[in-house]
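A.B. asks: Let me see the structure of the following:
(one chain, ligands or ions: 2)
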Amino acid sequence: MEPNSILRKLDRPGRPPITFQLGTGQVIPGWEQGLLDMCIGERRKLHIPSHLAYGKTGAGVIPPDTDLIFETEIVTLIDGPPPMNVFRMIDVDRDNYITIEEAALYLSHQAIAQRVPNEIAVQQNKAQLQQLFGTDDKDRDGRVSYEEFSGPKVDPPQHDEL
Ligand SMILES: [Ca+2]
Ligand SMILES: [Ca+2]
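C.D. replies: Ligands and ions are numbered 1, 2, ... in the order given. Okay, the predicted model is just below:
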């Protein structure tokens, strides 16, 4: 592979802007940190070390242990809903671990709140539990710790300085 071939693949001028909400784990940690406090029209070049990007696993055309450079520009800012700390919502006994029982309880409450028919909810919840404990439980102890949890877990920003 020639030098910069990865960069060229990712360099797609004219690509439509993407929309995401900071603080909710939708983008790589390097973006979460590097894009903070930007205003509309501002441009920033982000040099992101691999551990704040795709780390040892890589992703798609990005090989493992790859540092990334992004040229970013904020096109617009939209007021989103306050981020929810889903980890806290699932961890009802607040021991900083999600058990299968806690996750199953949370999912069944969600399904009822969203009026998902029971027979569909059972299938959905099973798949989500498998994904949660198959992917996030990295040390395989049957519980998902705060650090392991890949979903939204950031508390909404406090505005007491205003
Ligand atoms: Ca717990
Ligand atoms: Ca674990």
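A.B. asks: So residue 23 sits against residue 31, correct?
C.D. replies: No - judged on C-beta atoms under 8 Å, residue 23 makes no contact with residue 31 at a distance of 10.9 Å. For glycine as for every other residue, the C-beta is placed from the backbone atoms N, C-alpha and C.
A.B. asks: so residue 32 touches residue 46, yeah?
C.D. replies: No - the criterion here is C-beta under 8 Å, and residue 32 misses it with residue 46 at 10.9 Å.
A.B. asks: and this protein, which residues reach ligand 1?
C.D. replies: With the criterion set to C-beta under 5 Å from the ion, the chain comes near ligand 1 through 91, 93, 95, 97.
A.B. asks: mind redoing it with 8 Å?
C.D. replies: Within reach of ligand 1 by C-beta under 8 Å from the ion, the chain has these residues: 90, 91, 92, 93, 94, 95, 96, 97, 98, 99, 102, 143.
A.B. asks: who in this structure is up against ligand 2?
C.D. replies: So the chain meets ligand 2 at 97, 136, 137, 138, 139, 140, 141, 142, 143, 144, 145, 148 (C-beta under 8 Å from the ion).
A.B. asks: Nearest residue to the third one in space, please, no chain neighbours.
C.D. replies: If I follow you right, that is residue 137. Counting by C-beta to C-beta, 6 or more residues apart in numbering, residue 144 is the residue found nearest to residue 137 once chain neighbours are left out, at 5.2 Å.
A.B. asks: what's near enough to touch residue 31?
C.D. replies: Residue 31 is in contact with 22, 46, 48, 70, counting by C-beta atoms under 8 Å, 6 or more residues apart in numbering.
A.B. asks: quick one, phi/psi of it?
C.D. replies: Per-residue torsions, residue 31: phi -70, psi -40 (degrees, to the nearest 10).
A.B. asks: how close does it get to ligand 2?
C.D. replies: Noted for residue 31: a distance of 26 Å to ligand 2, by C-beta to the ion, to the nearest Å.
A.B. asks: how near is that residue to residue 38?
C.D. replies: 11 Å (C-beta to C-beta, to the nearest Å).
A.B. asks: and if you look at residue 26?
C.D. replies: Taking C-beta to C-beta, one finds residue 26 at 16 Å from residue 38.
A.B. asks: can you check residue 75 too?
C.D. replies: Distance from residue 75 to residue 38, by C-beta to C-beta: 11 Å.
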